[in-house]
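1. After the sequence you'll find the predicted model.
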Amino acid sequence: MVSAQSAAEAGQASPAAQIKIAARDVTISYSGVAALSGVSLEVREHEIFGIIGPANAGKTSFLKALNRMDSFTDGMRVEGDIQFDGVPVSRLRNVYALRKRIGVVFPLPVGLPMTIYDNVALAPRLSGIKDHAELEVIVERCLTRAALWDEVKDRLSSLGSLLSGGQQQRLTIARALSQQPEVLMLDEFSIAVDPVTTMRIEEVLRELRSEMTIIMVTNLVQQAERLADRTAFFLGGECIEVGHSSQMFAGEVRDERTRDYIEGKFG
């Protein structure tokens, strides 16, 4: 558990700040094997919160726990307390409603086997929107915000699976945005995307910060430095420290392991 003093030193939000997600002593295991141990951190509303660390550090497992993916993952067990807007997620009976509020984009784009239009319109339709004109507005808005509209507006009836890898990733982002989430989680969103497209998506994320909270797992230290307001460093299933990105990437860290990872000495 992070003390109040160490939380302040690490750049975490104080109790008076507006906290969107709070994790307290969270431990995650798969069939009894620990993947994450005793993680405590806070994510503030309307910030980009970065999570960095090497493979098998527990980063993706942490994201899964935030929107209750453990409910559908065999052998996954989450202990500790995770609160969303002050309410423990373990007490929320409607997991699907929670996932509408906390959207997620995975490392590799997974396009639904349907048209570009239907990929984005699916969630609004499931929420009860049937009016074609309203759906058109939503589809255009989400594709525009995902920096994809200009490239696909003349072929919305084409299969989303026929798009390039970078376009499919942006389509996945548009689909997540169509749910109007309060929190958008991205897990290595640029792993299969070219550098130019990556920069376009990063610009979109900067714009979205004013509308939602963004949690971004990345193995690119420079990406976290460019985008994240605050960054957490995970290593070996632990959260080593959390700090303001401007300070952390300038070398102002509490743990030498953080410095070594940022400087590329391991990873």
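-> On my side now, so go ahead.

2. contacts and neighbour counts: CA atoms only from here.
-> Noted.

3. residues in contact with the helix or strand in which Tyr96 is found?
-> If you go by DSSP states H and E, Tyr96 is part of helix 95-101. By Cα atoms under 8 Å, 6 or more residues apart in numbering, the surrounding residues in contact with helix 95-101 are 67-68, 92, 179-183.

4. now with 10 Å?
-> 66-69, 71, 84, 89, 92, 102, 123, 127, 176-184 (Cα atoms under 10 Å, 6 or more residues apart in numbering).

5. Out of those, which end up buried?
-> 66-69, 84, 89, 102, 123, 176-184 (16 or more other Cα atoms under 10 Å).

6. List the buried residues in the next helix or strand after the helix holding Tyr96.
-> The helix or strand immediately downstream of helix 95-101 is strand 102-105, counting by DSSP H and E. Neighbour-count burial for strand 102-105, counted by 16+ other Cα under 10 Å, picks out 102-105.

7. Could you do stretch 251-266 as well?
-> 253-254, 257-259, 261-262.

8. Endpoints of that stretch, how far apart?
-> 16 Å (Cα to Cα, to the nearest Å).

9. go on, stretch 250-264?
-> 14 Å.

10. could you give me the average pLDDT of it?
-> For stretch 250-264, mean pLDDT rounds to 96.

11. related to what we said a few turns ago, can you give the distance from the helix holding Tyr96 to the centre of its chain?
-> 14 Å (Cα atoms, centre = their mean, to the nearest Å).

12. For that helix, output the C-alpha coordinates as CSV.
-> Taking C-alpha atoms only, helix 95-101 is exported to CSV below (Å, rounded to 0.1, in the frame of the first residue of the first chain):
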residue,chain,number,x,y,z
VAL,A,95,-20.4,-5.9,-16.1
TYR,A,96,-21.5,-4.9,-19.6
ALA,A,97,-22.5,-1.4,-18.4
LEU,A,98,-19.1,-1.0,-16.7
ARG,A,99,-17.4,-1.9,-20.0
LYS,A,100,-19.4,0.7,-21.8
ARG,A,101,-18.0,3.3,-19.4
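
13. count of residues packed around the nearest residue to Arg170 once chain neighbours are set aside?
-> For Arg170, ignoring the flanking residues on the chain, the nearest one in space by Cα to Cα, 6 or more residues apart in numbering is Ala146 at 5.6 Å. The number of residues packed around Ala146, counting by other Cα atoms under 10 Å, is 26.

14. so Ala146 touches Leu177, yeah?
-> Yes: using Cα atoms under 10 Å, Ala146 makes contact with Leu177 at a distance of 8.3 Å.

15. shared neighbours, those two?
-> When Cα under 10 Å, 6+ apart defines a contact, the residues bordering Ala146 and Leu177 alike are 171, 208.

16. give me the element Ala250 is part of.
-> Counting by DSSP H and E, Ala250 is part of no helix or strand.

17. what's near enough to touch it?
-> Contacts of Ala250 (Cα under 10 Å, 6+ apart): 225, 244, 259, 262.

18. and the residue nearest to Arg170, how far is that from Glu140?
-> Ala146 is 10 Å from Glu140, by Cα to Cα.

19. Now the common contact residues for those two.
-> Counting by Cα under 10 Å, 6+ apart, the shared contacts of Ala146 and Glu140 are Ala174.

20. now, which of the buried residues of stretch 251-266 lie within strands?
-> Members of the buried residues of stretch 251-266 lying in strands (criterion: DSSP state E): none.

21. Those into JSON lines, with extra columns for distance to Pro54?
-> Below are those laid out as JSON lines (distance: Cα to Cα, whole Å):
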{"residue": "Val253", "distance to Pro54": "17"}
{"residue": "Arg254", "distance to Pro54": "18"}
{"residue": "Arg257", "distance to Pro54": "12"}
{"residue": "Thr258", "distance to Pro54": "11"}
{"residue": "Arg259", "distance to Pro54": "13"}
{"residue": "Tyr261", "distance to Pro54": "8"}
{"residue": "Ile262", "distance to Pro54": "11"}
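
22. I am finished for the moment; much appreciated.
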